[in-house]
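Asker: got a structure for you, letters missing:
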């Protein structure tokens with residue numbers, strides 16, 4: 001049986017190409033304009049080959065172009081299944097292009113690795129465009145979520161505007177049964193809304209501060225004083241080489257006590273080394289861990 005490899009999904013479509021397309025999409029002034037940009041990008045690609053010709057960039061980009069032109073969803077707005085690492089409902093947008101607080105993190109953005117798969121890129125692009133031009137579709141998907149779930153907002157991307165955060169605050173107040181958390185570098189946006197509307201901050205929302213961003217008007221100290229901010233989630237370089245293996249070994253490193261010892265050597269006192277599997281921990285979304293820095297080795 002034919003089993004397509006990751007590179008089978010991206011014929012003639014490199015990360016550099018995806019970055020150019022992501023920039024063009026984020027700069028578009030309408031859904032119709034974005035659809036035309038995406039359609040032209042798809043037109044340049046060859047048709048898919050093999051027994052699964054639909055699993056190509058050309059197919060997914062054409063599908064996205066038709067969907068957004070018609071104002072309809074072609075990819076699930078929220079990922080209900082999650083994965084082994086993150087067994088929660090999740091939401092993403094295009095990384096980098098929806099990250100106003102981005103800084104040195106653009107040089108090692110982990111989210112770009114998922115662009116091996118066209119379905120991931122087109123889902124992020126769809127959500128980015130709908131958040132900007134058709135937020136009612138985001139609202140409808142949110143209100144249709146099953147009862148009493150944990151939600152990770154912005155696995156990829158970030159809160160890109162004041163209006164976006166205002167929408168999330170409204171959505172979370174409408175669904176108090178949903179418990180959401182996120183990591184953000186959009187400090188100015190979040191802090192400005194909190195100052196202007198302190199009574200409208202939802203009680204079912206937890207924010208973690210993410211490092212690697214640019215300097216902003218709002219300091220980390222000011223952010224940490226906000227009642228819905230749990231604390232820092234930091235990435236640190238670690239000197240860890242498992243026996244007989246060059247470099248870290250992905251998620252398996254979390255099973256090695258020596259890895260966590262290496263993390264704690266370069267972490268502040270009282271920090272918690274990320275165990276890797278969010279479903280076994282969920283400290284990032286738990287305000288009982290407020291004030292504790294959670295640390296992860298750069299991978």
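Answerer: Nice, I can see it. Just so it is clear, the structure is predicted and the values come from calculations on it, not from any experiment. Numbering: from 1, shown residues only.

Asker: Residue 106 should be in a helix, yeah?
Answerer: Yes - applying DSSP: H, G, I helix; E, B strand; the rest coil, one finds residue 106 inside a helix.

Asker: residue boundaries of the strands in the stretch 51-200 of the chain?
Answerer: 89-91, 150-153, 179-184 (DSSP state E, counting those that start in this stretch).

Asker: So which elements touch the longest one?
Answerer: Based on contacts counted as 3 or more Cβ pairs under 8 Å, 6 or more residues apart in numbering; DSSP states H and E, the elements that strand 179-184 packs against are strand 150-153, strand 205-210. All C-beta spots, glycine's among them, are computed from the backbone N, C-alpha and C.

Asker: Residue ranges in the stretch 1-150 of the chain under the pLDDT threshold?
Answerer: Across the stretch 1-150 of the chain, the ranges flagged by pLDDT under 70 are 1-12, 48-55.

Asker: Mind jotting down where the helices sit in it?
Answerer: Using DSSP state H, counting those that start in this stretch, the helices of the stretch 1-150 of the chain run over residues 15-26, 31-43, 57-70, 118-133, 135-143.

Asker: ok and the first one relative to helix 57-70, angle-wise?
Answerer: Put plainly, it is helix 15-26. 10 degrees (axes from the mean of the first three to the mean of the last three Cα atoms, to 10 degrees).

Asker: I'd like the distance between residue 80 and residue 141.
Answerer: From residue 80 across to residue 141, the span is 10 Å (Cβ to Cβ, to the nearest Å).

Asker: quick one on the thing from earlier: pipe the strands of the stretch 51-200 of the chain into CSV and attach distance to residue 134 per row.
Answerer: Compiled in CSV, the strands of the stretch 51-200 of the chain are given as follows (distance: least, Cβ to Cβ, whole Å):
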stretch, distance to residue 134
strand 89-91, 15
strand 150-153, 18
strand 179-184, 21
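
Asker: how about the ones you listed, which one is nearest residue 107?
Answerer: strand 179-184 (17.6 Å; Cβ to Cβ).

Asker: Let me see the residues that make contact with the closest one.
Answerer: With contacts defined as Cβ atoms under 8 Å, 6 or more residues apart in numbering, strand 179-184 is touched by 101, 149-154, 158-159, 168, 172, 190, 204-210, 230, 233, 284-285.
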